[in-house]
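Trainee: Okay, sequence plus prediction incoming.
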Amino acid sequence: MSLETLSPSHRKRPFPLLRLPYELLDTIFATINSGNRVAAYVQSLSLDFSRCKDVNGTSETGFRRLVGPKSFSKTLSRLDKLRCLEMIELERDLARVLSTPDLELSALPQLRTLVISECDTVGDETVWARRLATLDEIRLSRWVHLPQVATSMRAGRLVLTGFELDEWPCYDFAQAFPTLQNFEAYDLDAESRFYDIVSRLPRNLKELRLVNSDVVSTQAGGSLDVILPDFTMVETLYLCYGTFTIPPLRAFLDMADTLVCLGFGLNSPVTDDFLHSLIEGPTRLSHLRTLELDYVICSRGLTMQSQGYRLSKDAKFTPFHEYPDWHGPDWPVNCSPQGLLRVMGAATSRGVTLIASALDAQSWEDDYMGEVYDGLMAWGLEVDDFKEAREFLGDRAVRDFQSMFFSFV
């Protein structure tokens, strides 16, 4: 059983639970606290208040409280079967319940996964460390920090998200997480190169995934060229812009016998020939099973067909009267749609799975030209003037369209 505060099908809308009157919400929490058997079935609890400050006519600066720290602590203490707890933008005194003696350390005995974002969670460092010590997976995002006290934690997966992770306080991850197998870091700062964090990770990682901002920095790349060869047991490796250069990475990959999944983030300095060499020819990685390609992205707006060929309200302002938010791929140097198509063919023949955003970029131009055609023709009908369509598509295209259209009218 799972309790969430966001609708699974509409993640931007508050879950119906938070649209209820506060009196009823209080009753629900009181029911759990009163010993009702519902608490025995809750295995996942998601408390996402990031979009709920205006619910029930409240304001961001003065909304009425649902529960206080003591009642929240009592609620959590009754959830003996809870395995996953997610807290997003909870108020400080509620979020800090996890790191204060108000919640017994023996509470939440089945908790294995903790996800916290934009919450000031650290009250008592020692309690916070002991709370994390028994978890299998920890995900901390934006201003949520690990305890600074010397504690060994058993978590096998650690995910960090935030700004300027390079400036994370000196933290010995290898000592704090001796059994860590999977590490992911998402830095929203374009300057991040991850060296300080990666250099302190245990070298027996199975998965290392690094993602930074999509803004290209002027800093030199290759921050991890020297230390990547230390990770001799890695099975999944995902690198981002600035963390590598091709020659040292190629040398490392040739020795990475355990590597089965390899990926590259936006603006990574890869080339068509380099990507092809990973899965075809004498230098191919024989153990590789999955290649994630996010080095180029694009975006697609609504299509004319999906909107019944009705013009957008912004049709007057878009280049060809198409729906907005169509943005084409910006291919890195020495990368092209043709090169990606060649990589796709090699992957098919070698049984390597290709996933991620670059595959969308490969067909973007054809899809966009279809929107240009539909937009120009719909606009011509709207204003009873096909001048723009003739200038871009030619007289014959317009004649063929008009002949087809008026044959159905």
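Mentor: Nice, I can see it. Residues are numbered from 1 along each chain as shown.

Trainee: Next, count neighbours for Arg154.
Mentor: Applying other Cβ atoms under 10 Å, we find 13 other residues in the vicinity of Arg154. For glycine as for every other residue, the C-beta is placed from the backbone atoms N, C-alpha and C.

Trainee: cool, Gly394 as well?
Mentor: 11.

Trainee: so how far is Tyr373 from it?
Mentor: For Gly394, the distance to Tyr373 under the criterion Cβ to Cβ, to the nearest Å works out to 11 Å.

Trainee: how about Arg157, phi and psi?
Mentor: The phi and psi values for Arg157, taken as degrees, to the nearest 10, are phi -130, psi 130.

Trainee: correction: Val226
Mentor: Dihedral pair for Val226: phi -80, psi -40, per degrees, to the nearest 10.

Trainee: tell me the contacts of it?
Mentor: Shown in contact with Val226 (Cβ atoms under 8 Å, 6 or more residues apart in numbering): Pro248.

Trainee: Can you list the residue ranges for strands in the stretch 1-150 of the chain?
Mentor: Ranges of strands within the stretch 1-150 of the chain are 2-4, 6-7, 10-14, 44-48, 84-88, 113-117, 137-141, based on DSSP state E, counting those that start in this stretch.

Trainee: now the fourth one, how far from the chain's geometric center?
Mentor: It stands for strand 44-48. In terms of Cα atoms, centre = their mean, to the nearest Å, the gap separating the centre of strand 44-48 from the centre of its chain is 18 Å.

Trainee: Check the strands of the stretch 1-150 of the chain for me: which has the lowest mean pLDDT.
Mentor: Of all those, mean pLDDT reaches its minimum on strand 6-7 (a mean of 42).

Trainee: Can you tell me the closest non-neighbouring residue to Leu354?
Mentor: Closest residue in space to Leu354, ignoring its immediate chain neighbours: Ala347 at 4.9 Å, by Cβ to Cβ, 6 or more residues apart in numbering.

Trainee: Okay, buried residues for whichever helix or strand the one you found is part of please.
Mentor: Assigned by DSSP states H and E, Ala347 belongs to helix 337-350. Along helix 337-350, the positions that meet the burial threshold by neighbour count (16 or more other Cβ atoms under 10 Å) are Pro337, Gly339, Leu340, Arg342, Val343, Met344, Ala346, Ala347.

Trainee: For the first one, give its distance to Leu359.
Mentor: In this structure, Pro337 lies at 11 Å from Leu359, with Cβ to Cβ as the measure.

Trainee: Same check on the second one?
Mentor: Note on Gly339: its distance to Leu359, by Cβ to Cβ, is 13 Å.

Trainee: for Leu340, same thing?
Mentor: Counting by Cβ to Cβ, the gap from Leu340 to Leu359 is 8 Å.

Trainee: what do these two both touch?
Mentor: With Cβ under 8 Å, 6+ apart as the test, Leu340 and Leu359 both reach Leu293.

Trainee: what helix or strand does Met369 sit in?
Mentor: Take DSSP H and E as the rule and Met369 turns out to sit in helix 364-383.

Trainee: centroid residue for the protein?
Mentor: Ranked by distance to the mean C-alpha position of the chain (Cα atoms, centre = their mean), the top residue is Tyr186 at 8.3 Å.

Trainee: hang on, the earlier thing: my guess is the residue nearest to Leu354 contacts Leu275. True?
Mentor: No - in this structure, Ala347 sits apart from Leu275 without contact. The criterion is Cβ atoms under 8 Å, and the distance is 9.5 Å.

Trainee: Helices along the stretch 51-200 of the chain, start to end?
Mentor: For the stretch 51-200 of the chain, helices defined by DSSP state H, counting those that start in this stretch occupy the ranges 69-77, 92-95, 125-132, 173-176, 195-198.

Trainee: Can you tell me the strand partners of the helix or strand that the last one is followed by and which way each runs?
Mentor: Translated: helix 195-198. Tracing the chain C-terminally past helix 195-198 and defining elements by DSSP H and E, one meets strand 207-211 next. The pairing partners recorded for strand 207-211 under DSSP bridges are strand 182-187 (parallel), strand 236-239 (parallel).

Trainee: quick one: average pLDDT of the last one?
Mentor: Looking back up the chat, that one is strand 236-239. In this model, strand 236-239 has a mean pLDDT of 97.

Trainee: With stretch 245-254 instead?
Mentor: The predicted model gives stretch 245-254 an average pLDDT of 95.
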